[in-house]
Each structure stands twice: as structure tokens, then as C-alpha cells.
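*Asks:* Build me a model from this:
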Amino acid sequence: MNGHVDVLDDARTIARSILETVKREGRTSLTAPEARELCEAWQIPIPKEALATTADQAAAQAEAIGFPVVLKIVSPQILHKTEAGGVLVGVKSADDVRAGFRRIVESAGRYDPKAEILGVQVQQMLVGGQEVIVGAVTDPSFGKLVAFGLGGVLVEVLKDITFRLAPVDRTEALSMLDGIQAAAILKGVRGAPPVDREALSDLIVKVSQLVDAVPEIVELDLNPVFARTDGAIAADVRVVVDFEPKEARPRPSSEAILAKMNRIMRPDAVAVIGASAEDGKIGNSVMKNLINGGYKGAIYPIHPKATEILGLKAYASVKDVPGTIDVAVFAIPAKFVAQALTEVGEKKIPGAVLIPSGFAETGNHEGQDEIVAIGRKYDIRLMGPNIYGFYYTPKNLCATFCTPFDVQGRAALSSQSGGIGMAIIGFSRSTKMGVSAIVGLGNKSDIDEDDLLTFFEQDDATDVIAMHLEDLKDGRAFADVAKVVSKKKPVVVLKAGRTSLGARAASSHTGALAGNDKVYDDVLRQSGVIRAKSLQDLLQFARGIPVLPTPKGENVVIITGAGGSGVLLSDACVDNDLQLMAMPADLDAAFRKFIPPFGAAGNPVDITGGEPPTTYRNTVKLGLEDDRIHALILGYWHTIITPPMVFAKVITEVVDEMRAKGINKPIVASLAGDVQVEEAAQYLYDHGIVAYPYSTETPVAVLGAKYRWARGAGLL
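*Replies:* I've put the predicted structure just below:
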């Protein structure tokens, strides 16, 4: 172990020495010899090579290395050597090396007459193997990311690349090899040999350790890397640096976050700054929601002139309130917030809920910076500004000017948008879902998603956490917390802005390919987060995931009364990474005992539409009883023989019967039929069977979400 530490210390020392030279010379990238020295220090395999300053020297070096060789221009100003005509491959003789030397020096001079030409790199030419790219980039939100994908020209054409937070371990590195669309190529196709996965994963680990240990490296490319059966060697190395330190976002400890969030979310006393007795005012709506919502704690209206509001004694300032206050809800114009927030700080109130708009979202960054500075000075945690407030149903707390909501449930939801918050309320009410909390985050000047995750992880009233977000102020902090929380409770995220207007400008292939949404997709998956593709997905996952028991295996069986539904349900399984069970012969025979000869066993099991309730009962019971089946998907077709509510009650009875015997498997249902299927679907949902009318996609998507969480949490 000490030997490994010593090697890393030596590597860091070499990196520091190289970077000091680069910084002193005012450069933003490493030369090829510097990049080679860096790779050697971190034990990253690279070809034999040497730097030549004359044509004759290049020829002698090529003969020592062995033909064929590659010639590459070396210039601090020329990063993309090929574009400058600064690369020759397959040079086979000393005379060709001399001629090639002169040619690429002349080409580079024409490309950039001001470029400093340090010489020509003579490099062993690698042949054979699969070309891949291993790289790293610094993301504004997530920080250091390591990347892997197909290399050479394919990286620009296919853009088949995957990202992880750096550093990664061997397991995560191996997952990257399987995380690209062309993963099968690495395993060998059409007679091609497989690549050395251990060597390739080791290379990814080393690159991730390098960029994590040397913060000045903002982009790094090993492209192409020749991945062969006996190792992986980086043929070309590009390193971009930035010596301007980035200001780190303040991050309190988990204990400090919980100390404040518990008082904000579960307050015993609330002050409403800007409370009003006048209908139509935000301060009036907040007061009514607190009073009429059944909140049992103390409520202190704050108003500069009023002595009483809605039957409660009013105070000119929070400093005049004799008791302790846990959270202050602001319902005053933006221009008055700073002064009132200062008084909140002097009163030692730990949290402020900032409903007012008119800050960064309107371009008033200076105003928002001012309140953030006040919050930090007095150690006040700020929720908002520009939010609708929040709900916490275990305390009957409606700290918001939106419609009251008091249906308690086990789902906690948050949104950056007020409109999305209202959609959450409406959906929760219409589906009888119930929530533990609904929180608006708005501009996220301080409190953001990782603070909420830290709170909801230990909140006994919450079983699932669903979040709508447009960005992450500190993606690294979110990922670190989500990785822990998702092992315990499902975390669902709807990331708005999935479409990209174009990759950010970058000096490396890796940087150019780090499209914002691709990074979010990979990092959320790495953190165990379930990603919702739409608002409907977010809401349905929040509703359905807590209802479904955790599966004990991957085998899914479809039982349907309609062949067409079976096909669509099968497609949905593929879309949601669900594994349709290959039906064993004995189980196939067992199902056939209950279905007509013109039905179809196998998987899906098609019992046909004209079957009585007993056929549904017998086949579902068999599916639940057989230990080889881990989850069931039901497709119902409305017939007079088995009407919707008859179907619903039969399925509920057999599921309850199996649960009484200790058999509790996830089961979802798709109901096709006339309007009666709506009532039947709700009946099934009320009895712990996730069911939807008119949709084959939604029930399977909810089941897929439960499976993704179970896999990420290590339960499968």
C-alpha cells in the first residue's frame, strides 16, 4: 500500500513540475513530450517515441524505434495536429522520414506562421486492435468527469461516449465499457478478437485518478487508444490546462444541513413577513393556508403597522416576537427583503422561505448576491427566492400562497418551477396519491436538491423522493448525496432542458462531446437516480414506486387477454430494460392447462379475450406461485364475459391470497376497454396493484423504474 502511495506522490511531483513550466510560459496546453512525461508518471501506456529537431535525427530515431513510424508536429500553439497537416502515418524508411519531417514542418508553418515549432515527434506506429477514446473533462456543475467511447474518427461521427464522475474504481470503469451503444464491438464480433477489458478499465481508472489529483487539467484526450487482446496503448495524448482557480460553492456538513432543515421543514413557530388581512395579497394567502391547513405551531404575522391579522397578534419586526422562531416566510416585495432578512439574522432564525420574485431570474443578480451574503453572515438557510413556498403534510404545514393541500402520503416532491409545483398538487389530488412534502426551490440561491435529499433521507414520513430541476448548482454535491440516499430510498429526477443547442466550445474531442444532457444522464445513473423523461413519468413514478414491492429477480412474465396488447407490452419491456423470462417447458405446460387451445403460452401468455374470470385467476395465481417468476405484467381486454370490475376484484382476491401466504411480487396492469376500465384501474391501484387504463407504456415504465432503483441499490 505504501508503495502505491509513493508512486502517486512521485507522479504528483512530476505533474507539478510540468505545470509550473507551462504556467511560467503562459501556455494552456502541454506539448507532446510533456504529455508523454505525464503519462509515464501515471503509468499510462504509450508507444515508444522520441523528439527530433532535425530530419537526420528523426531518421535515426525511427530506425531505433523500428518501422513503420508516425511523425507528428510538436508545437505549443498547434493542438489539432491533423488539421495543420502535422501528422504522417505509416512512414516505412529513413529517407521517407527525412522527407516527411520537412513536409510537416512546412505544413505547420503555413497553418500557423506564428507557431513555435519545437520539433517532430517520431512515434512507434500501432497496428491492430479497436480504436477507442479515454478522456476527461471538467464540467461546470459536476467537476471532473472521465469519458470513454469509440475512438479515432468514429468518436466524431458516432458520438458514442459515456461519462462518470472522477475518480472511478475498477467496477465503474468496467461499467463504462458496457455503457456505450457499441459495447458488443469490444467483446468481439464477426470473428474479431475481444479487447483486454482489464487493461482498458485500468487505463480509465488511471486517467480518472490523474485528473482528480491535478485540478489544473480541464481536458484530457487519449485518442486513439488501441485496445487489443493483450493491452491498451494510447497513441496520442492531448492535455489542456487552466490555472484560474474556480470558486467552490459553500457546502455545509450533513449534520449542519440537518440541524437547519429539520427546523425549516418541521417548524414549531413560523413568522410571516408581509402578513396581510387583505384578500388577494400573497401575505394573506400564506396566513390563511397556515391557519386553515391545521398547522398546530405558533404563527407570528409581521407587519409594520398592523396590531392584529386574522385574529393573531401582529408584530412590526421578527425582533419584537418574544419567542423562538424556526422559519420566516417572506411575502414582501424584493426591494424590502434584504433589510427584513438582516432582522431575521439578528433574531437568529435558522431559515427563510423567500417567495418574492425580482431577483436573478429577472437579471437582478446584485440583489440576489446581497441576500446570499446576508444569509451567510447570519447563518440563515435560504429557500428560493422566486418560489411558491412549501408543504410538509406531517405537520399540516402549508407555507405557500398556492392552493392548500393536506392529503398525507409517502412521496416528497420538489420543483424549480411554480407551474410544475401546481401540476404536482393537482396530480396528487386527482390520483389520491398524497405527499409528505412539496417544495419550491426557484432560483436556488442557497438551499438546493442535495439539501432536500439530506433531509428526506432521514424523514420517516418519506419513502420516495421525486425532483423536477432545470440545473444543478452543485452537481458533484448532489451526486455524492444521491449515491447514498438512493441505496435507501428511490430518487426520481426530471431534468428539464434535455435537448442541446450544441456542445460547448472545447479544445478536445472529449470536451466537445460532453453535451450537457449526456453528462446528466450518465452521472444520474452512476448515482443510482431514476431519470424520468417527462413530467408524467415523474409523477407516475412517485405514485407507483412505493406501491410496488421490491422484486427478487429479473424474470418478468406477461399475461394478457389480447395478443396486440402483449406485443406492445413486450416492446415496453425492452424500452424499460426489463427481462422477459424464457419460459421453461414445464411452466409452459402448466399455463397451457388453463388457456384454450387457440391461446398461446410462452411469454407473453395469451389467454385470449373470451375467457371467464377463472382463467385470469388461475394464470395469475400460477405466475405468483412459481418462484422462477419475479414480476407480472397483466394485459386486460374489456369483454362482457369478464367485465372490468370483475377482473379487478378477481385479481385483487388472488393477489391478497398470495400475500397472506408471504408471496408479494410486483404486479402491474394495463386495461384496454370502455370507460369502466378507469374505475377498475383505480380499484386495483387502491389494492396495491399499479394499473392504468388505455396505456401499455405507463405501467411497464413504472415497473422498470422500480427495477432500476432495485438494481442501483444493490437489491438484485
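*Asks:* Tell me the spacing between the closest residue to residue 487 other than its chain neighbours and residue 339.
*Replies:* Of all residues not flanking residue 487 in the chain, residue 713 sits nearest, at 4.9 Å (Cβ to Cβ, 6 or more residues apart in numbering). Bear in mind the C-beta positions are built from the backbone N, C-alpha and C, glycine included. Between residue 713 and residue 339 the computed distance is 47 Å (Cβ to Cβ, to the nearest Å).
*Asks:* for residue 177, same thing?
*Replies:* With Cβ to Cβ as the criterion, residue 177 and residue 339 are 57 Å apart.
*Asks:* So between these two, which is more surrounded?
*Replies:* residue 177 (19 against 12; other Cβ atoms under 10 Å).
*Asks:* In contact with that one, which residues are there?
*Replies:* 148, 183, 186, 197, 200, 201 (Cβ atoms under 8 Å, 6 or more residues apart in numbering).
*Asks:* The fourth one touches residue 186, doesn't it?
*Replies:* In this case it means residue 197. Yes. Contact criterion Cβ atoms under 8 Å: residue 197 and residue 186 qualify, at 7.2 Å.
*Asks:* These two: which has the busier surroundings?
*Replies:* More crowded of residue 197 and residue 186, by other Cβ under 10 Å: residue 186, with 20 against 16.
*Asks:* who's in contact with that one?
*Replies:* Residue 186 touches 130, 132, 177, 194, 195, 197, 200, 227, counting by Cβ under 8 Å, 6+ apart.
*Asks:* Which of those sits closest to residue 521?
*Replies:* Using Cβ to Cβ, residue 177 is the member of those that sits closest to residue 521, with 17.2 Å.
*Asks:* tell me the pLDDT at the closest one?
*Replies:* Listed pLDDT for residue 177 reads 96.
*Asks:* Tell me how far it lies from residue 691.
*Replies:* 39 Å.
*Asks:* Residue 48 now?
*Replies:* For residue 48, the distance to residue 691 - Cβ to Cβ - is 65 Å.
*Asks:* what do you get for residue 616?
*Replies:* Taking Cβ to Cβ, one finds residue 616 at 13 Å from residue 691.
*Asks:* shared neighbours of those two, anything?
*Replies:* residue 634.
*Asks:* In terms of neighbours, single out the busier of these two.
*Replies:* residue 691 (28 against 22).
*Asks:* how far is the helix or strand hosting that one from where the chain is centred?
*Replies:* Per DSSP states H and E: residue 691 is located in strand 690-693. Going by Cα atoms, centre = their mean, to the nearest Å, the spacing between the C-alpha centre of strand 690-693 and its chain's C-alpha centre is 27 Å.
*Asks:* Give the other helices and strands that the strand or helix carrying residue 680 contacts.
*Replies:* Following DSSP H and E, one finds residue 680 within helix 676-686. Other elements packing on helix 676-686 under the criterion 3 or more Cβ pairs under 8 Å, 6 or more residues apart in numbering; DSSP states H and E are helix 644-660, strand 667-672, strand 690-693.
*Asks:* Out of the ones you listed, which is closest to residue 56?
*Replies:* Residue 56 sits nearest to strand 667-672 of all the helices and strands packed on helix 676-686, at 74.6 Å, using Cβ to Cβ.
*Asks:* and the closest one, C-alpha only, in PDB?
*Replies:* Presented in PDB, the C-alpha positions along strand 667-672 are these (Å, rounded to 0.1, in the frame of the first residue of the first chain):
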ATOM      1  CA  ILE A 667     -47.600  -6.700 -10.400                       C
ATOM      2  CA  VAL A 668     -48.800  -4.000 -12.900                       C
ATOM      3  CA  ALA A 669     -51.700  -4.000 -15.200                       C
ATOM      4  CA  SER A 670     -52.800  -2.400 -18.500                       C
ATOM      5  CA  LEU A 671     -56.500  -2.100 -19.000                       C
ATOM      6  CA  ALA A 672     -58.000  -1.700 -22.500                       C
END
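*Asks:* Adjacent strands (with direction) for that strand?
*Replies:* strand 631-637 (parallel), strand 690-693 (parallel) (DSSP bridges).
*Asks:* now the first one and helix 644-660, what's the angle there?
*Replies:* Between the axes of strand 631-637 and helix 644-660, defined by axes from the mean of the first three to the mean of the last three Cα atoms, to 10 degrees, the angle is 160 degrees.
*Asks:* CA atoms of strand 631-637 as PDB?
*Replies:* Output of strand 631-637 as PDB, limited to C-alpha atoms (Å, rounded to 0.1, in the frame of the first residue of the first chain):
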ATOM      1  CA  ALA A 631     -42.800  -9.900 -11.600                       C
ATOM      2  CA  LEU A 632     -46.100 -10.000 -13.600                       C
ATOM      3  CA  ILE A 633     -47.500  -7.600 -16.200                       C
ATOM      4  CA  LEU A 634     -51.200  -8.100 -16.900                       C
ATOM      5  CA  GLY A 635     -52.900  -7.000 -20.100                       C
ATOM      6  CA  TYR A 636     -56.700  -6.900 -19.800                       C
ATOM      7  CA  TRP A 637     -59.200  -6.600 -22.600                       C
END
